[in-house]
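>>> sequence and predicted structure are below.
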Amino acid sequence: MNRICASAFAAILMAFAAPVFSAPATGLSVSAIFADHMLLQRDVKVPVWGRALPGAGVSVSVAEVSASAITKADSTWKALLPPLKPGGPFELRIVSGDTLLIRDVLIGDVWLCSGQSNMEMPVGDWGKVANWEQEVKEADYPRIRLFTMDHRPSTYERTGVAGSGWRICGPRSIATFSAAAWFFGRDLQRRYDVPIGLVQSTWTGSFIESWMSAAALKQYPAYVKDLARVRKYPRNDSAAQAFYAADLAAWNKRIIAGDAGLKGAWMRPGLDTAGWLPIALPSMWEPVIPSLSNFDGVMWFRRSLDVPALWAGKKAVVSLGPVDDWDSTFFNGTPIGGVRKYYQPRVYDVPESLMKAGAANIAVRCVDTWSGGGFSGTPAQMYIKCGADSISLAGPWFLKPGHDAADDPMPQPLDWPHKPLVLFNGMIAPLIPYALRGVIWYQGESNADRAAQYRALFPAMIRDWRAHWGNEKLPFLFVQLAGYQKPPVEPGDDAWAELRDAQKSALSLPSAGMAVAIDVGDSADIHPRNKQAVGGRLALAARARVYGDTNQYSGPSLKSMKVDGPSVRLTFDHAAGLTARNGDVRGFAVAGADRKWYWASAAIEDGSVVVSCPQVPAPVAVRYGWASNPGCNLYNAAGLPASPFRTDSWPGTTDGRDFLVK
């Protein structure tokens, strides 16, 4: 065959091989949560969604089932696959002119794992849980799949998922993944031999209100201004950044214009400080001055000193330690420095021209933009030094508010994770409506000083997520805060104990479960390393509350209280094999009508606990484990600890301040 004939024959073959009509490109795409190695939820209808040209038909198929959808005018489509049986691997095929093929898809149970740092804490990396090297080495579970959402706060509800993609569980992938989530998923996979998907969406130090939607927060007047402020930002990232810069500049002008200290030159030498409040530094002002417990804005500090004659005309150094948040520091009325980082120690040079023998003063203009304000360092960091000689600046100072910004808080950066609703917008909304088996949650440390508020917000958040997923009984399992800080010397009120009680109140919701972690804490580390117990207890709750097993999943839980003269008898649910670990029963306190708390003696009698105290001949209330890090040791035969509890409803450290109303 000559070259011309061969070319003609090839053209004929190509013509017959090609379709008569070629399908136009439809711009087909799918949410990034649908990717190779993914896991789909079994036994429920499974939404699959993405984008294509308006009006385009889309078909979706996997494991011999299929569904179809028509793209809406806004270019979005969603198909609903019928319930799937567990198994795999399969291919997920999405067709709309173009074809998207997602490989190595397993079908099993998907759990959303969220919260703050104790859920984010990885097996290895910075977490290094107990026995972490061996745990990483043995983490060969290819039917467990891991997905980590990127840290991405947002001022508006995102639709696109930003994450690392699905990873097959193994020694190389598990080291940086949530330890609590991993041990939870591993226990379930071992128990039920079903593929497990774990979707991690966490942020260290986050507040619960950051994880709630606008719909959930709008019922609370305290958040009306926050929501209005967030809604001002454009739904375009570059435009939003420009808007923020202008908003921040305008706020700075208002703060300067409203500062009585700048107007009155409160940094000048010889200022009369009559009426100023005394404070011993270093300290934050909120815990030591009740009238300033919620103050944000401009605070002025002053201190006098005598400059030795030998220092005159010589260069000196002023060290203040960290100042929260921003400072402008003056020596004898002249500025010597300023920093806008709350954690950075302040060290400023004092020029020779300012060093004159005799009376002098140091003034610090502190701008506190949120949370605590003041001097957060140590006494050793506060001094003025000239050559080898120094004078301590720790101790007595005076302070006075220059401008109260409570009604005009600083606009926070767009990547600031502590604003209300921004983590929901950026890290939860994009996942909706991905089919889930349930949620596990470990958060609360950041809200401990607002425990009374948490009692309202926590169940509201659970209901909020359930409403967005369209399932009012979506299982929600959570970890009660572990022990932290020094054990108490005497019994009394405690914010962390109140937060645990607020968490426990969410058990009144359907399909909720709690893992008690009071006994696996660390007095010196807010991130306890025994995440095996945390994940294991979450798995016990899942087995009983979600999978229908008859296993014991809870430690002793208070059932009733009966006063009998000078003693109180307490009975418990989940109390089979009630026992005290490591000696006599500890952790109980009693109070009479005067509401004064005393440590109580306790003993286990006939499956109940009897408590008494000589100082309280007529007890009316009992508390157990009521401290940040209590020494409590009541367990059942399953080895599960009793949750801290109280029988009273007296106001605590966080009651009486209605954070939800402004």
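Cool, got the structure.

>>> hey, let's count contacts and neighbours off CA atoms from now on
Fine.

>>> assign residue 189 to helix, strand or coil.
helix (DSSP: H, G, I helix; E, B strand; the rest coil).

>>> count of neighbours near it?
As a burial measure, residue 189 scores 20 neighbours (other CA atoms under 10 Å).

>>> now do the strands in the stretch 51-200 of the chain.
57-62, 65-70, 76-81, 87-96, 98-115, 141-148, 167-169, 196-202 (DSSP state E, counting those that start in this stretch).

>>> please identify the deepest-packed of the ones you listed.
Highest mean neighbour count of the strands of the stretch 51-200 of the chain: strand 196-202, a mean of 27 (counted as mean count of other CA atoms under 10 Å).

>>> circling back to that earlier point, for residue 514, which of the strands of the stretch 51-200 of the chain is the nearest?
Evaluated with CA to CA, the strands of the stretch 51-200 of the chain place strand 98-115 nearest to residue 514, the distance being 14.2 Å.

>>> quick one: mean pLDDT for that closest one?
On average, the pLDDT along strand 98-115 is 98.

>>> which helices and strands sit right next to that strand?
Packing partners of strand 98-115 (3 or more CA pairs under 8 Å, 6 or more residues apart in numbering; DSSP states H and E): strand 39-41, strand 87-96, strand 196-202, strand 438-442.

>>> which element is residue 366 on?
Residue 366 belongs to strand 358-368 when elements are defined using DSSP states H and E.

>>> before we move on, the earlier item: kindly reformat the helices and strands packed on strand 98-115 as a markdown table containing distance to residue 62.
Conversion of the helices and strands packed on strand 98-115 to a markdown table gives the following (distance: least, CA to CA, whole Å):
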| stretch | distance to residue 62 |
| --- | --- |
| strand 39-41 | 10 |
| strand 87-96 | 5 |
| strand 196-202 | 17 |
| strand 438-442 | 22 |
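
>>> for residue 654, which of the ones you listed is the nearest?
Residue 654 lies closest to strand 438-442 among these, at 20.8 Å (CA to CA).

>>> ok now that closest one, how far from the chain's centre?
Remark: strand 438-442 is offset 12 Å from the chain centroid, using CA atoms, centre = their mean, to the nearest Å.

>>> which strands and helices sit next to whichever helix or strand comes after that strand?
Downstream of strand 438-442, the first helix or strand assigned by DSSP H and E is helix 451-469. For helix 451-469, the elements it packs on are helix 214-217, helix 495-505, judged by 3+ CA pairs under 8 Å, 6+ apart.

>>> who wins for proximity to residue 40 among the ones you listed?
helix 214-217 (28.1 Å).

>>> with just CA atoms, put the next helix or strand after the closest one into PDB.
Of the helices and strands lying after helix 214-217 in sequence (DSSP H and E), the nearest is helix 224-231. Only the C-alpha atoms of helix 224-231 are listed here, as PDB (Å, rounded to 0.1, in the frame of the first residue of the first chain):
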ATOM      1  CA  VAL A 224     -25.900  40.600  66.800                       C
ATOM      2  CA  LYS A 225     -23.000  43.100  66.300                       C
ATOM      3  CA  ASP A 226     -20.500  40.300  65.500                       C
ATOM      4  CA  LEU A 227     -22.800  38.900  62.900                       C
ATOM      5  CA  ALA A 228     -23.500  42.300  61.400                       C
ATOM      6  CA  ARG A 229     -19.800  43.000  61.200                       C
ATOM      7  CA  VAL A 230     -19.000  39.800  59.500                       C
ATOM      8  CA  ARG A 231     -21.800  40.300  57.000                       C
END
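
>>> can you list contacts of helix 224-231?
Residues outside helix 224-231 that contact it (CA atoms under 8 Å, 6 or more residues apart in numbering): 155-156, 214, 217-218, 419-420.

>>> swap in stretch 256-271?
Here stretch 256-271 makes contact (CA under 8 Å, 6+ apart) with 298, 300, 302, 330-334, 360-364, 402-403.

>>> counting neighbours, which of these end up buried?
Taking 16 or more other CA atoms under 10 Å as the criterion, what is buried in the contacts of stretch 256-271 is 298, 300, 302, 330-333, 360-364, 402-403.

>>> in CSV: those, plus distance to residue 521 and pLDDT.
Converted to CSV, the buried ones among the contacts of stretch 256-271 look like this (distance: CA to CA, whole Å; pLDDT from 0 to 100):
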residue, distance to residue 521, pLDDT
298, 37, 96
300, 39, 98
302, 41, 98
330, 44, 98
331, 46, 98
332, 49, 96
333, 49, 96
360, 48, 96
361, 46, 96
362, 43, 98
363, 42, 98
364, 39, 98
402, 41, 96
403, 41, 95
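
>>> now the helix ranked longest in the chain: how far from the chain's centre is it?
The longest helix of the chain (DSSP state H) is helix 237-258. A distance of 27 Å separates the centroid of the chain from that of helix 237-258, by CA atoms, centre = their mean.

>>> that helix - what's its average pLDDT?
Averaged across helix 237-258, the pLDDT comes to 92.

>>> can I get the CA coordinates of it in PDB?
The C-alpha coordinates for helix 237-258 follow below in PDB (Å, rounded to 0.1, in the frame of the first residue of the first chain):
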ATOM      1  CA  ASP A 237     -11.300  37.300  49.100                       C
ATOM      2  CA  SER A 238      -9.300  40.100  47.600                       C
ATOM      3  CA  ALA A 239     -12.200  42.600  48.000                       C
ATOM      4  CA  ALA A 240     -12.700  41.400  51.600                       C
ATOM      5  CA  GLN A 241      -9.000  42.000  52.400                       C
ATOM      6  CA  ALA A 242      -9.200  45.600  51.100                       C
ATOM      7  CA  PHE A 243     -12.400  46.100  53.000                       C
ATOM      8  CA  TYR A 244     -10.700  44.800  56.200                       C
ATOM      9  CA  ALA A 245      -7.700  47.100  55.700                       C
ATOM     10  CA  ALA A 246      -9.900  50.200  55.500                       C
ATOM     11  CA  ASP A 247     -12.100  49.000  58.400                       C
ATOM     12  CA  LEU A 248      -9.000  48.600  60.600                       C
ATOM     13  CA  ALA A 249      -7.600  52.000  59.700                       C
ATOM     14  CA  ALA A 250     -10.900  53.600  60.600                       C
ATOM     15  CA  TRP A 251     -11.000  51.700  63.900                       C
ATOM     16  CA  ASN A 252      -7.500  52.900  64.700                       C
ATOM     17  CA  LYS A 253      -8.500  56.500  64.100                       C
ATOM     18  CA  ARG A 254     -11.500  56.100  66.400                       C
ATOM     19  CA  ILE A 255      -9.400  54.600  69.200                       C
ATOM     20  CA  ILE A 256      -6.900  57.400  69.000                       C
ATOM     21  CA  ALA A 257      -9.600  60.000  68.900                       C
ATOM     22  CA  GLY A 258     -11.400  58.500  71.900                       C
END
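
>>> after that helix comes which helix or strand?
helix 260-263.
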